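**Q** Pasting a predicted model and its sequence here:
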Amino acid sequence: MSIKFDHIVNNISMGVLVVDLEYIIRYANPFVCDCHQGGGLEGQPLFDTFPELPRRWMEKRIESVVMLQNTSFTSWHQRPQLFNFPGSRPITGATDVMYQSCSFFAVKDESGKPLVCIAIEDSTATAVIQGRLRQTLVKLEKERKYQNDLNKKLETAQHQLLQSAKLASIGQLAAGIAHEINNPLAFIKPNLVALQDAASRLEGLFGGYSKLIEQSGNSKLVSAMAVLSQRLDAEDLRGDVRDTVDEVLEGINRIESIVGSLKDFSKLNQNDHQKADLNAGIRSTLSILRAELEKSFVKVQCDLAELPLLSCYPVQLNQVFMNLVTNACQAVTPGKGVLAIRSGFDAAKEEIQITIADNGCGIPPEQQGRVFDPFFTTRDVGSGAGLGLSVAYGNVAGHNGAIHLKSAPGEGAAFTICLPVSGVG
Amino acid sequence: MTGISEHEAMRRDALQEVLNISMGQAANNLAQLIDTRVHLSIPRLHWVSSKHPEKLDETLTVIDVGALMRQSFRGTLRGEVVVSFDQQSRHHQLAECLGYSESLTVAQSHELTLEITNILAGACLKGLAEQLEIEIHFGPPSILSAHSKASDYLARQSLPWTDALFMEVRFTVESISMGTDLLICMPGEYTDRVFALIDELLGDV
């Protein structure tokens, strides 16, 4: 069978270009001529005809092919377009250039002179599909990351929900205790006030009797009263009764104040959404934490400006104040800390701003991005669950607000809560 | 070579000799191309079985973790060459000899590594083909893994052969302290062809 190889080379859907060692084109098949958009390539200098070719690299490649008599390859992966050939799909294609994979191999002319043939394969279809696959992979990877983030958020929300449920139970318990203490207080205090009044009147009565006895001129009676007064230490007794009743009444007032704060904090019978004065929440938090504050701080500065009532969930915001103040207590050197709490209303931004600042150890910059993450803690194992700031963040975010942290190591930390006055609900 | 016949031992010795000569020729050709002295080690022959992939690690002791390239060859013989460029390989110093600029992009670096694979595989197998008076053609090289040990990589694959002949060669360019390992691998049926060719050579002798 005789085969016309010219016919094959002329019709094959790949480029065939033959050059000699002076880099003169000795043959170009119709594929190359069509792509170059100009015929008559034979006899033309290679680098003038295709100025896009990297000359030094090409010369070395041709030299090595002839020297080693070895086929050499380029792939569209590393060298997408060796030749500036137009794409083969000008209408439906995704690219206007042709991706090429080339083979270089040594041949000889009829006189035995070495030549190099460059076979150019159109790899556009493969390249485009691989490009799309790569894009799909990137998209899939992005979606996977999004799903992971979503799972993390879900996990955080779950923890916060758990914490909220726990807080609600504690709130109910606190409200229950407050109610139970309030019942006996309702009769203890008035009775004590009555006792104070009675003691005062008894003191007056005793004073009156003493005076009358002295004025009676009955020396026997005066002497007997003096002996009785001395034996019963009547003078001290009068002071003791007064002081004891006063002290008990002061204690009762303290109990009443703490129970009031507990009620405020847990918002007895008001667990849900309502208009609230956040300053009242701050005050009740400070009252509940009084013992802690006395241990940690030498000074507590409270600068609370008048605030508009905020439509909110007060229990949640009280929990925020509680968590931030508790954190401040733990950040300072006991007995040497300074706590500054400031509240204000920014009319321009229409938001309430509350800053809770301490002069404690501060937070290193590398940790500042993580302090609101659930379970992030710098305390010793077992000393803190690492949920305080996370819950605070969640509760503030639930009110469409934000918490900003400003801190430097050794210079304390200031948490500013910003809550839009439009509130929630 | 315990447990093999005298004829088999003679065949293997002859193959070893053919390979030694081939690598000598390959070293000369490469030296000419990159204009510096090149050394190719005496090839070590291993007959390996895919039934015991764990033994690959014991067999291929020289080749360490590196960038793995592969290139197919076909013709009278058929198989693949696997080239491992270890972490400290300084093959990038050959960039200038091969027409690349000093600062390589990632794509250029990959292309250079693939071209060196092609040159090494071509030089080694052309020498063998000349000795055996056969023709061998090559497919384009490609990247197998950016960071693997050849034995680990092969052990992880579902291998389509049962027995194969691995010829292990180390390529060294002393002037730049470069060392690279090559494995010329042929499945069992082509090993039989190699020995048939060796038998022809021995017959000629």
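**A** Now that the structure is in, tell me what you want to look at.

**Q** Any chance you could list what contacts the helix or strand hosting residue A:311?
**A** Using DSSP states H and E, residue A:311 sits within strand A:310-312. Contact partners of strand A:310-312, identified using C-beta atoms under 8 Å, 6 or more residues apart in numbering or on different chains, comprise A:273-278, A:317, A:352, A:399, A:419, A:421-425. The way it works is simple: take the backbone N, C-alpha and C, and place the C-beta from them, glycine included.

**Q** repeat that for 10 Å
**A** Strand A:310-312 has contacts (C-beta atoms under 10 Å, 6 or more residues apart in numbering or on different chains) with A:273-278, A:281, A:317, A:345, A:351-352, A:395, A:398-399, A:401, A:419-425.

**Q** Also stretch B:50-61?
**A** Against stretch B:50-61 from outside (C-beta under 10 Å, 6+ apart): B:44, B:46-49, B:63, B:82, B:84, B:149-164, B:166, B:168, B:181, B:183, B:187-188.

**Q** Show the secondary-structure elements that the helix with the most length in chain B is packed against.
**A** As assigned by DSSP state H, the longest helix anywhere in chain B is helix B:6-34. Under the contact definition 3 or more C-beta pairs under 10 Å, 6 or more residues apart in numbering or on different chains; DSSP states H and E, helix B:6-34 sits against helix A:55-68, strand B:38-40, strand B:44-49, helix B:106-132, strand B:163-173, strand B:178-187, helix B:188-204.

**Q** Now tabulate these in TSV and tack on mean pLDDT.
**A** Below are the helices and strands packed on helix B:6-34 laid out as TSV (pLDDT from 0 to 100):
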stretch	mean pLDDT
helix A:55-68	94
strand B:38-40	85
strand B:44-49	88
helix B:106-132	91
strand B:163-173	88
strand B:178-187	88
helix B:188-204	85
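
**Q** Nearest residue to residue A:292 in space, please, no chain neighbours.
**A** Spatial nearest neighbour of residue A:292, excluding adjacent residues (C-beta to C-beta, 6 or more residues apart in numbering or on different chains): residue A:329 at 5.1 Å.

**Q** in chain A, which helix has the most residues?
**A** Max-length helix for chain A by DSSP H is helix A:124-216.

**Q** May I see the buried residues of the helix or strand following it?
**A** Next along the chain after helix A:124-216, taking DSSP H and E as the criterion, comes helix A:219-232. Judged by neighbour count using 16 or more other C-beta atoms under 10 Å in any protein chain shown, the buried positions of helix A:219-232 are residue A:225.

**Q** Quick one: distance of helix A:219-232 to the chain centre.
**A** Centre-to-centre, helix A:219-232 and its host chain are 79 Å apart (C-alpha atoms, centre = their mean, to the nearest Å).

**Q** likewise stretch A:356-367?
**A** On the basis of C-alpha atoms, centre = their mean, stretch A:356-367 sits 16 Å off its chain's mean C-alpha point.

**Q** Please export the alpha-carbon coordinates of it; CSV is fine.
**A** Taking Å, rounded to 0.1, in the frame of the first residue of the first chain, the C-alpha atoms of stretch A:356-367 are listed here in CSV:
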residue,chain,number,x,y,z
ILE,A,356,-15.8,48.7,81.5
ALA,A,357,-12.0,49.2,82.0
ASP,A,358,-9.5,47.8,84.4
ASN,A,359,-5.8,48.5,85.0
GLY,A,360,-4.9,44.8,85.0
CYS,A,361,-2.5,42.6,83.1
GLY,A,362,-4.0,43.4,79.7
ILE,A,363,-4.4,41.1,76.7
PRO,A,364,-1.6,40.4,74.3
PRO,A,365,-2.3,41.4,70.7
GLU,A,366,-2.1,37.8,69.4
GLN,A,367,-4.9,36.8,71.8
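
**Q** between the helices and strands packed on helix B:6-34, which gets nearest to residue B:67?
**A** Of all the helices and strands packed on helix B:6-34, helix B:106-132 sits nearest to residue B:67, with 6.4 Å by C-beta to C-beta.

**Q** tell me the angle that closest one makes with helix B:6-34.
**A** 130 degrees (axes from the mean of the first three to the mean of the last three C-alpha atoms, to 10 degrees).

**Q** State the next helix or strand along the chain beyond helix B:106-132.
**A** Assigned by DSSP H and E, the successor of helix B:106-132 is strand B:136-138.

**Q** Okay, now the unreliable bits of the stretch 101-250 of chain A?
**A** The stretch 101-250 of chain A contains residues with pLDDT under 70 at A:160, A:163-168, A:171.

**Q** Show me which residues of it are close to chain B?
**A** For the stretch 101-250 of chain A, the contact set with chain B under C-beta under 10 Å from any C-beta of the partner chain comprises A:101, A:102, A:103, A:105, A:121.

**Q** so what's the last one up against?
**A** In other words, residue A:121. So residue A:121 contacts A:13, A:14, A:15, A:75, A:76, A:98, A:99, A:100, A:101, A:102, A:103, B:140 (C-beta under 10 Å, 6+ apart).

**Q** Can you flag the buried ones in the residues you listed?
**A** Listed as buried from those are A:14, A:15, A:75, A:76, A:98, A:99, A:100, A:101, A:102, A:103, B:140; burial here means 16+ other C-beta under 10 Å.

**Q** Now the fifth one. Nearest residue, chain neighbours left out?
**A** With sequence-adjacent residues excluded and distances taken as C-beta to C-beta, 6+ apart, residue A:98 is closest to residue A:85, at 4.1 Å.

**Q** shouldn't the one you found be in contact with residue A:99?
**A** Yes. Judged on C-beta atoms under 10 Å, residue A:85 makes contact with residue A:99 at a distance of 9.3 Å.

**Q** which residues are common contacts for these two?
**A** Joint contacts of residue A:85 and residue A:99 (C-beta under 10 Å, 6+ apart) are A:122, A:124.

**Q** in terms of contact, does residue A:391 touch residue A:157 like I think?
**A** No. With contact defined as C-beta under 10 Å, residue A:391 and residue A:157 do not form a contacting pair (11.4 Å).

**Q** Of these two, give the one with the bigger neighbour count.
**A** Comparing residue A:391 with residue A:157 by neighbour count (other C-beta atoms under 10 Å in any protein chain shown), the higher total belongs to residue A:391, at 24 against 12.

**Q** separation between that one and residue A:169?
**A** 14 Å (C-beta to C-beta, to the nearest Å).

**Q** Also residue A:405?
**A** Taking C-beta to C-beta, one finds residue A:405 at 29 Å from residue A:169.
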